[in-house]
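Student: Sequence and computational prediction follow.
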Amino acid sequence: MYNPLPLDYDIRGELVKYSEDVLEGRIIACQAHKWACQRFLNDLKREGTKEFPYLFVPEKAIRFLNWMKLFRHNKGILAGQRIDPHLIQRFVFGNIYGWVHMETGYRRFRKAYWQVARKNAKSQSLACVGSYEAAAMGAGLAEVYCAATKTDQARIVWEEIDRMIKSCPELANKFKTAYGRIIHEKTNSFIRTLSKEDKKKGDGFNPQCGIVDEYHAHETSEFYDILVTGMGARPEPLLMVITTAGFELNNPCYRVEYQYVKQILDPNNPVENDQYFVMINELDKDPETGNLLDDIRDPRVWEKANPILASYKEGRDYLAAELQAAMDVPDKLVNFLTKNMNVWVNQRENGYMRMDKWAACPIEEVVLTGVPCYIGVDLSSKLDLTSVSFVFPLNDGRFFIISHSFIPEERLIEKRREDKVPYDLWIKQGYMTAIPGAVEDYQFVKWYIKNTVSEHGWEVAEVCVDPWNAQVFNQEMMDDGFTVVEVPQTMRYISHVVQDFRENVYQRKVIHNNNPVLTWAVGNAITKANANGGIMLDKSKSRDRIDPLAATITAWARAMHAEPTINVEQFADADFLAKLWG
């Protein structure tokens, strides 16, 4: 029997108590989950102010939760029963639908990201969102898209919506399904899939809601970008991303979105986005080492990643069986960690760098006055990326890295399509430069180095270059007064350099400015090894570009041997130094 919440139900009080229970440990939760609850409580304290012009409207939250309660479970031990939203669903969707702008009445959250382990009602939750956005938001001719890289994946949520509507007597006659669309007949709104097979570029799209399921599997942000761009004409659209963790850490979900949303939640991070809702349910890691703090064999921590599945006996039994299989067959452990414990794992075969370690490196401002600069240059074949890295060995034993890359302007569109990364965005952000023409102009690269060094007053110790295809460049740099050192890219010479750089990253002795091009290259890198345990970067096996990393390694080959410089002026005044030196 349909049992809706009364409109005067104290959903606000329920979510406050839930948040307090999480923060005080009565509900087991990870750090990010606690941050999300603290964020909610903080927002309630400042709602309706000039600095925070949003209000929590209980009736809006209750309306969506009652929509969920219309439907029935299609699978599992509750199949056929009406949905009674779990507390975590009430918190997530109570937030997403309960907050509005105090002047316009439009929704506060235009984006939402929920990362949770599998079998925690992800498809069910998305199905409720999709049908609600098509029929109950009051947006005529609403377009709802279920996006995934493959049609089969996109159809998972679409088919869940179709089944739930057809099994709901209150709604079944208000929708029809035809030609791959679920149509709400009163408003002529529709729900459809969106995948690679559609070969759509976003032209003519006007989404009210975009649903991105299992974003971790997306190699590019193409569909995310298409949906966001298409929403511009809607007054209150919603992009809803639900995903588990994965083992491809160079995909945009981990490399970009996960890093960003964690910053939004972290109260110690200055990044804020009041229109982006975030919930992450995962096991906790040590922020310094990247190692798990939670023991996966302890059933008490399973709830951190499985707030719904671990809340009932059958769910806990399922997790126990999956853990036993992972313990018995080590090859299954990665899948258990990513899918059941919601832990990001770097599993690229022969991958060079653990990307969680790279992400844990400090990002801070550094005074570079008087610090020697080692410049690494990786010249392309004039058709691909050329990269330059500036490596500064600091007096405290750490290293600061700045990277910049170049691409022929006339090949920008082609390379963006081939490499599936946003070169045009990186150019706008200043991490890359588009060189006029169809091929790389090394004169432009040389000018960039000289101009950057002069502008910042850096003290260049050496320009370090891969000797391949660099004879003319090297000679011209020497003619300009630079000390040029050729760094052979051979196993014998470079192996210890490649290993030393990685070791310094793991020890958090490398400082970088979160350059997305360099981060992308680090994640792409594959190594090859010899019989003696030596390793080097393998450009032939790396699926994507590693040029920025190659330039960094080339500079590192010399910077790693630099002696610390000491400015004696900081220990003595001018008069003493004059007497000392005469």
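Tutor: Ah, there it is.

Student: measure residue 359 to residue 343 for me?
Tutor: 14 Å (C-beta to C-beta, to the nearest Å). To be clear about C-beta, it is placed using only N, CA and C from the backbone, and glycine gets the same treatment.

Student: Which one's more surrounded, those two?
Tutor: Applying other C-beta atoms under 10 Å to residue 359 and residue 343 shows that residue 343 carries more neighbours, namely 24 against 21.

Student: so that one makes contact with residue 292?
Tutor: Yes: using C-beta atoms under 8 Å, residue 343 makes contact with residue 292 at a distance of 6.8 Å.

Student: okay, and the common contacts of the two?
Tutor: Common neighbours of residue 343 and residue 292, using C-beta atoms under 8 Å, 6 or more residues apart in numbering, are 283, 285.

Student: Could you break the chain into its assigned domains?
Tutor: According to automatic domain parsing, the chain comprises the domains 11-311, 355-559.

Student: Could you work out the end-to-end span of the last one for me?
Tutor: One end of domain 355-559 sits 23 Å from the other (C-alpha to C-alpha, to the nearest Å).

Student: and if you look at the longest one?
Tutor: Domain 11-311 has an end-to-end distance of 21 Å (C-alpha to C-alpha).

Student: Same check on stretch 354-370?
Tutor: By C-alpha to C-alpha, one end of stretch 354-370 lies 32 Å from the other end.

Student: Select the helix or strand of this protein having the lowest average pLDDT value.
Tutor: Ranked by mean pLDDT, DSSP states H and E, the helix or strand of the chain with the weakest confidence is helix 574-581, at a mean of 56.

Student: where in this structure is pLDDT low?
Tutor: 197-204, 347-349, 381-383, 440, 541-543, 564-582 (pLDDT under 70).

Student: how many other residues sit next to residue 467?
Tutor: Neighbour count of residue 467, defined by other C-beta under 10 Å: 14.

Student: for residue 122, same thing?
Tutor: Counted with other C-beta under 10 Å, residues neighbouring residue 122 total 22.

Student: so what's the closest residue in space to it that isn't next to it in sequence up against?
Tutor: With C-beta to C-beta, 6 or more residues apart in numbering as the criterion, residue 122 has its nearest non-adjacent residue at 4.8 Å, and that residue is residue 242. Listed by C-beta under 8 Å, 6+ apart, the contact set of residue 242 reads 113, 114, 115, 116, 122, 125, 126, 211, 212, 213, 214, 215.

Student: Apply 10 Å and report the result again.
Tutor: Residues counted as contacts of residue 242 (C-beta atoms under 10 Å, 6 or more residues apart in numbering) are 92, 112-116, 120-123, 125-126, 129, 157, 211-215, 279.

Student: One more: residue 28?
Tutor: 21, 22, 300, 301, 302, 303, 304, 307, 310.

Student: Recalculate using a threshold of 8 Å.
Tutor: Counting by C-beta under 8 Å, 6+ apart, residue 28 touches 300, 301, 303, 304.

Student: picking up where we left off before, just the buried ones among the contacts of residue 242, please.
Tutor: 92, 112-116, 120-123, 125-126, 129, 157, 211-215, 279 (16 or more other C-beta atoms under 10 Å).

Student: Which parts of the stretch 301-450 of the chain are strands?
Tutor: For the stretch 301-450 of the chain, the strands defined by DSSP state E, counting those that start in this stretch cover 372-378, 386-393, 399-408, 432-435.

Student: if we can go back for a sec, will you turn the domains of the chain into a markdown table that also has distance to residue 320?
Tutor: Below are those laid out as a markdown table (distance: least, C-beta to C-beta, whole Å):
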| stretch | distance to residue 320 |
| --- | --- |
| domain 11-311 | 7 |
| domain 355-559 | 27 |
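
Student: For whichever strand or helix holds residue 462, list the C-alpha coordinates in PDB.
Tutor: When elements are assigned from DSSP states H and E, residue 462 belongs to strand 459-465. This file holds the C-alpha atoms of strand 459-465, laid out as PDB (Å, rounded to 0.1, in the frame of the first residue of the first chain):
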ATOM      1  CA  GLU A 459      68.700  31.000 -12.400                       C
ATOM      2  CA  VAL A 460      69.100  28.300 -15.100                       C
ATOM      3  CA  ALA A 461      71.700  25.700 -14.200                       C
ATOM      4  CA  GLU A 462      71.300  23.500 -17.300                       C
ATOM      5  CA  VAL A 463      69.000  22.800 -20.200                       C
ATOM      6  CA  CYS A 464      68.600  19.000 -20.300                       C
ATOM      7  CA  VAL A 465      67.600  17.500 -23.600                       C
END
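
Student: chain center to it, what's the gap?
Tutor: Centroid displacement of strand 459-465 relative to its chain, using C-alpha atoms, centre = their mean, to the nearest Å, is 34 Å.

Student: Could I get the buried residue list for that strand?
Tutor: Residues of strand 459-465 classed as buried: 460, 461, 462, 463, 464, 465 (neighbour count, 16+ other C-beta under 10 Å).

Student: Return the member of those residues nearest to residue 27.
Tutor: The shortest approach to residue 27 among the buried residues of strand 459-465 belongs to residue 464, at 53.8 Å (C-beta to C-beta).

Student: List the contacts of that closest one.
Tutor: So residue 464 contacts 374, 375, 376, 377, 485, 486, 487, 554, 555, 557, 558 (C-beta under 8 Å, 6+ apart).

Student: run the last query once more with 7 Å
Tutor: 374, 375, 376, 485, 487, 554, 555, 557, 558 (C-beta atoms under 7 Å, 6 or more residues apart in numbering).

Student: Specify the local secondary structure of residue 495.
Tutor: Under DSSP: H, G, I helix; E, B strand; the rest coil, the three-state class of residue 495 is helix.

Student: Make sure residue 244 is actually in contact with residue 117.
Tutor: Yes: between residue 244 and residue 117 there is a contact under C-beta atoms under 7 Å: 5.9 Å.

Student: Mind listing the shared neighbours of the two?
Tutor: In terms of C-beta under 7 Å, 6+ apart, residue 244 and residue 117 are both contacted by the residues 339, 342.

Student: which residues in the stretch 151-300 of the chain form strands?
Tutor: Using DSSP E, counting those that start in this stretch, strands in the stretch 151-300 of the chain cover 175-178, 181-184, 189-194, 209-213, 238-243, 276-280.

Student: nearest to residue 419, of those?
Tutor: Comparing those by C-beta to C-beta, strand 209-213 comes nearest, at 21.4 Å.

Student: May I have that closest one as PDB, with CA atoms only?
Tutor: Presented in PDB, the C-alpha positions along strand 209-213 are these (Å, rounded to 0.1, in the frame of the first residue of the first chain):
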ATOM      1  CA  CYS A 209      18.400  16.100 -16.500                       C
ATOM      2  CA  GLY A 210      21.500  14.200 -17.400                       C
ATOM      3  CA  ILE A 211      22.200  10.900 -15.700                       C
ATOM      4  CA  VAL A 212      25.800   9.600 -15.800                       C
ATOM      5  CA  ASP A 213      26.000   6.100 -14.400                       C
END
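
Student: Packing partners of it?
Tutor: Identification of packing neighbours for strand 209-213 by 3 or more C-beta pairs under 7 Å, 6 or more residues apart in numbering; DSSP states H and E yields helix 122-135, strand 143-147, helix 151-166, helix 222-230, strand 238-243.

Student: Make a markdown table out of the ones you listed and add distance to residue 41.
Tutor: Conversion of those to a markdown table gives the following (distance: least, C-beta to C-beta, whole Å):
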| stretch | distance to residue 41 |
| --- | --- |
| helix 122-135 | 23 |
| strand 143-147 | 32 |
| helix 151-166 | 31 |
| helix 222-230 | 29 |
| strand 238-243 | 23 |
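
Student: now, of those, which is deepest in the fold?
Tutor: Highest mean neighbour count of the helices and strands packed on strand 209-213: strand 143-147, a mean of 27 (counted as mean count of other C-beta atoms under 10 Å).
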